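Undergrad: This is a predicted model, with the sequence first.
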Amino acid sequence: MAKILLLVSLFLTFAFSVVGFSVVINALVKSDQESSYIRSVAPDGAIVDINYHDIYSVCAVMAAVCALLTILSLVSTFSQISSIGRKQRLLRLQAFLILFGALWLLATVIACDVLFATGSTKITATVGGVALPQSDIQQFEQSIGVSPEYSKQSYLRLCAILPWFAVLFATLSGLLLHKAAKNTDGYRNAEATESEKIARASNEQSA
């Protein structure tokens, strides 16, 4: 039963890590597309600078961690199915790596949520070397139907929500792997004790 629970948890870790990776990549692509669109519809001669590097950097790290958890959960699943899954050192290593990945992803998701709730894209523009006032830039944003606030971007909302499930199941998988390693250790100790009893009984019979 414990092994089935571990396999289910690893599968859910894999599934939500893939989902997290997908929504983050989708957000990065759509952010680039939106930036290209704003520049394409800007007035002739205007030089537009679009700064969303804060959320972009966090999402890039989140994608990397989701990819790492995808690989780790897949490797752990195959090791559990095979006889390798009974090796204590490997179980402990897998538990450590997955828990580390879960902690790392937790930090990036929290950062993403904070930026999503409070941040916005910083847009500046110059025409002939003269900076345009923010009031003009805001009117331009409204005219083309673009909002600089992260909280109004549906693709960023997915990045702020879905990776939490990967954090949850990765943490559960890491704890279950750690428990499996302890159980393996207990099984080996019991096996060694039983062998000692058999050896002692054999010695007594010989004597």
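TA: Structure received.

Undergrad: how close does the most centrally placed residue in the chain sit to I123?
TA: Residue closest to the average C-alpha location in the chain (CA atoms, centre = their mean): C66, at 3.4 Å. Look at C66 and I123: by CB to CB, to the nearest Å, they are 29 Å apart. (Each C-beta comes from the backbone N, C-alpha and C, glycine too.)

Undergrad: got it, and A102?
TA: In terms of CB to CB, A102 sits 36 Å off from I123.

Undergrad: cool, L172 as well?
TA: 42 Å.

Undergrad: same question, L115
TA: 16 Å.

Undergrad: circling back: just the pLDDT for the residue nearest to the centre of the chain.
TA: Predicted confidence (pLDDT) at C66: the value is 97.

Undergrad: do the same with S35
TA: So S35 comes in at 88 (pLDDT).

Undergrad: now swap in the one 5 residues further on and tell me
TA: Confidence per residue is given as pLDDT, and for S40 that number is 86.

Undergrad: could you pull out the strands for the chain?
TA: Counting by DSSP state E, the chain has strands at residues 46-51, 122-127, 130-131.

Undergrad: Mean pLDDT, distance to S147 and mean neighbour count for these - can I get that in CSV?
TA: Output for the strands of the chain, formatted as CSV (pLDDT from 0 to 100; distance: least, CB to CB, whole Å; neighbours: other CB atoms under 10 Å):
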stretch, mean pLDDT, distance to S147, mean neighbour count
strand 46-51, 86, 13, 15
strand 122-127, 87, 11, 16
strand 130-131, 84, 21, 10
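
Undergrad: what about dumping the CA coordinates of stretch 21-41 to PDB?
TA: Extracted in PDB, the C-alpha atoms of stretch 21-41 (Å, rounded to 0.1, in the frame of the first residue of the first chain):
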ATOM      1  CA  PHE A  21       6.600  24.000 -16.900                       C
ATOM      2  CA  SER A  22       4.000  24.300 -19.700                       C
ATOM      3  CA  VAL A  23       2.100  27.300 -18.300                       C
ATOM      4  CA  VAL A  24       5.400  29.100 -17.500                       C
ATOM      5  CA  ILE A  25       6.800  28.600 -21.000                       C
ATOM      6  CA  ASN A  26       3.400  29.800 -22.300                       C
ATOM      7  CA  ALA A  27       3.600  32.900 -20.200                       C
ATOM      8  CA  LEU A  28       7.100  33.700 -21.300                       C
ATOM      9  CA  VAL A  29       6.100  33.300 -25.000                       C
ATOM     10  CA  LYS A  30       3.000  35.500 -24.600                       C
ATOM     11  CA  SER A  31       5.000  38.200 -22.800                       C
ATOM     12  CA  ASP A  32       7.400  38.300 -25.700                       C
ATOM     13  CA  GLN A  33       4.500  38.400 -28.200                       C
ATOM     14  CA  GLU A  34       2.800  41.200 -26.200                       C
ATOM     15  CA  SER A  35       6.000  43.200 -26.200                       C
ATOM     16  CA  SER A  36       6.400  42.800 -29.900                       C
ATOM     17  CA  TYR A  37       2.800  43.900 -30.500                       C
ATOM     18  CA  ILE A  38       3.200  47.100 -28.400                       C
ATOM     19  CA  ARG A  39       6.300  48.000 -30.400                       C
ATOM     20  CA  SER A  40       4.600  47.300 -33.700                       C
ATOM     21  CA  VAL A  41       1.700  49.600 -33.000                       C
END
